[in-house]
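Chemist: A structural model of the following input is requested.
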Amino acid sequence: MKNFFLALTLVLISTTYSETAQANNVAKSLCEYVSVDDKSRLRSYLKSNKLKIRNIFDAVQCNGQNLVAFAGSSNAIETGTLMLGKLPKSTVEGLLATITSPELTEAANKRING
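Modeler: Sure, this is the predicted structure:
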């Protein structure tokens, strides 16, 4: 019986660790694609992993910034504009204060105002 609980515990720990490691890899990849402004690879990565920006946006940070603010500081206009288009308008309104790029600020205002 002890062996059963030990095995069960090991399985649960390895599953939890694996999910955490995978989440870290996803965040790292997203940050890399945004930093080099590679819109097509970002889209492809999201699609191949069955992810949506609106679902993962709050969980991913790059250098302590949200993805859009990171895109602005990295001068990644194409990927930043893509993300702004995929996020709900209410989220974009909340992001305006964090965006430092004039181009992304303009794209955010267009998204909010239609």
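Chemist: contacts and neighbour counts: CA atoms only from here.
Modeler: Fine.
Chemist: and the next helix or strand past the helix or strand bottoming out on mean pLDDT in the chain?
Modeler: Within the chain, no helix or strand scores below helix 2-35, which has a mean of 64 by mean pLDDT, DSSP states H and E. Counting by DSSP states H and E, the element after helix 2-35 in chain order, helix or strand, is helix 39-48.
Chemist: elements contacting the following helix or strand past that following helix?
Modeler: Downstream of helix 39-48, the next assigned helix or strand under DSSP H and E is helix 53-56. On a contact count with 3 or more C-alpha pairs under 8 Å, 6 or more residues apart in numbering; DSSP states H and E, helix 53-56 meets helix 77-86.
Chemist: any buried residues in the helix or strand that comes right after the helix it packs on, and which?
Modeler: On the C-terminal side of helix 77-86, the nearest following helix or strand under DSSP H and E is helix 89-95. Of all the residues in helix 89-95, those buried under the rule 16 or more other C-alpha atoms under 10 Å are 89, 92, 95.
Chemist: what's the separation between the second one and residue 44?
Modeler: In other words, residue 92. Residue 92 sits 23 Å away from residue 44, going by C-alpha to C-alpha, to the nearest Å.
Chemist: do the same with residue 90
Modeler: 26 Å.
Chemist: ok, residue 59 next?
Modeler: Separation of residue 59 from residue 44 (C-alpha to C-alpha) stands at 20 Å.
Chemist: same thing with residue 54?
Modeler: Distance, residue 54 to residue 44, using C-alpha to C-alpha: 16 Å.
Chemist: ok, those two, which is more surrounded?
Modeler: Higher neighbour count among residue 54 and residue 44: residue 54, with 14 against 11, using other C-alpha atoms under 10 Å.
Chemist: who touches the more buried one in this structure?
Modeler: For residue 54, the contacting residues are 86-88, by C-alpha atoms under 8 Å, 6 or more residues apart in numbering.
Chemist: rerun that using 6 Å as the cut-off
Modeler: Contacts here follow C-alpha atoms under 6 Å, 6 or more residues apart in numbering; on that basis residue 54 touches residue 87.
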